[in-house]
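Enquirer: no sequence for this one, just the structure:
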């Protein structure tokens, strides 16, 4: 049993170094859940922009704000073609 405990101790240290390797699967999963923006419309007007990561709502952006205007401008520039 002490042998298993000792084996666990070095693997904990190794996990600290391999933490980058352990973080790698998380890093690979992160691009799958990229940040997206969703326009909320009412009566043909954008009333809010939702910043999402996968299905998780991160924040709401006012479309009248500088950042909101920039997001809308990028969207319309991409879809104008």
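Expert: Arrived safely, thanks for sending. Computed from a predicted model, the values in this text were never measured in an experiment.

Enquirer: doesn't residue 62 make contact with residue 68?
Expert: Yes. Using C-beta atoms under 8 Å, residue 68 is in contact with residue 62, at 5.3 Å. Every residue, glycine included, has its C-beta placed from N, CA and C.

Enquirer: Now for those two: what residues contact both?
Expert: Any residue near both residue 68 and residue 62 by C-beta atoms under 8 Å, 6 or more residues apart in numbering counts here, and that gives residue 49.

Enquirer: Counting neighbours, go ahead and name the busier of the two.
Expert: residue 68 (18 against 13; other C-beta atoms under 10 Å).

Enquirer: quick one: what helix or strand has the more buried one in it?
Expert: Assessed by DSSP states H and E, residue 68 sits inside helix 66-79.

Enquirer: I would like the residues contacting that helix, please.
Expert: Contacts of helix 66-79 (C-beta under 8 Å, 6+ apart): 37, 39, 46, 49, 61, 62, 63.

Enquirer: Select only the buried ones of those residues in ChimeraX?
Expert: With 16 or more other C-beta atoms under 10 Å as the criterion, this ChimeraX line picks the buried residues out of the contacts of helix 66-79:
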select :39,46,49,61,63
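
Enquirer: mind giving me the domain ranges of the protein?
Expert: 1-32, 34-81 (automatic domain parsing).

Enquirer: Lowest average confidence across the ones you listed, which one?
Expert: With a mean of 47, domain 1-32 has the lowest mean pLDDT of the domains of the chain.

Enquirer: In three-state terms, how would the closest residue to residue 52 other than its chain neighbours be classified?
Expert: Computed as C-beta to C-beta, 6 or more residues apart in numbering, the closest residue to residue 52 that is not its neighbour in sequence is residue 36, at 5.1 Å. Assigned state for residue 36: strand (three-state reduction, DSSP: H, G, I helix; E, B strand; the rest coil).

Enquirer: In contact with residue 36, which residues?
Expert: 51, 52, 53.
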